[in-house]
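Trainee: attaching a predicted model along with its sequence, questions to come.
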Amino acid sequence: MNKDSTLFVGLDLGDRWSHLTILDPEGEVVEESRVPTSGGAMQRKFSALPPARPECQRLRSIQGVGPITALAFVLTLENPRRFAKSREVGPALGLVPWRDQSGGQDPQLHITKTGNVFLRRLLVGCAQYILGPFGPDCDLRRWGLQLAGQGGKNAKKRAVVAVARKLAIVMHRLWKTGENYNPEHSSLEEASLIAIAQPA
């Protein structure tokens, strides 16, 4: 297999096993394999491949987002135009809490966990890295650490989910608009956060 060739990868994600299909530029099947979804097997498989899709390269410019997360995000969402606003991606991936408002009360409940389980786990893993001791110094990390420091026994867990949700918003925004990732952007408002227009 020519390492310089452009390959097209299809990934049918499962909780335990995933089916991987690799096509060459002419549409011929180069490889079909069954890969464990968790663990290092899939990471090793993707590390041995040249870039599969150009949009994944842009998403991987976010430190903490690897090849599997980028590809899983693109293949799961399929088309960035499915969502009119980037902030709609979080609920679609189950990264927002249940709401049970009644009698003037609005308790904080567990996340809905709708959408693709594997992709949600990957995004949470990315968020844990960003907030961890080796995470990059960026606006998203600083925002997450501020949330984690607000107190409460579940503050760290809520911060991880919040960063995962914001990360999904950023990834969708970069994919949809072709903007370049800017880790030092100071605004976290709407879907345009942490992104700047691609230079001409």
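Mentor: Perfect, thanks for sending it.

Trainee: list the buried residues for the longest helix along the chain?
Mentor: For the chain, the helix that runs over the most residues, judged by DSSP state H, is helix 155-177. Within helix 155-177, the residues that count as buried by 16 or more other Cβ atoms under 10 Å are 158-176. Where C-beta positions appear, they are placed from N, C-alpha and C, glycine not excepted.

Trainee: domain parsing for this structure?
Mentor: Residue ranges for the domains of the chain, per automatic domain parsing: 1-52, 57-196.

Trainee: the chain: strands as residue ranges?
Mentor: Using DSSP state E, the strands of the chain run over 8-12, 17-23, 29-36, 180-181, 195-196.

Trainee: lowest mean pLDDT across the domains of the chain, which one is that?
Mentor: Within the domains of the chain, confidence is poorest for domain 1-52, with a mean of 64 (mean pLDDT).

Trainee: which parts of this protein are helices?
Mentor: Under DSSP H, the chain gives helices at 41-47, 54-59, 67-77, 89-92, 117-131, 139-148, 155-177.

Trainee: just send those back as JSON lines, with distance to Glu31 too.
Mentor: Output for these, formatted as JSON lines (distance: least, Cβ to Cβ, whole Å):
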{"stretch": "helix 41-47", "distance to Glu31": "9"}
{"stretch": "helix 54-59", "distance to Glu31": "18"}
{"stretch": "helix 67-77", "distance to Glu31": "15"}
{"stretch": "helix 89-92", "distance to Glu31": "30"}
{"stretch": "helix 117-131", "distance to Glu31": "20"}
{"stretch": "helix 139-148", "distance to Glu31": "35"}
{"stretch": "helix 155-177", "distance to Glu31": "26"}
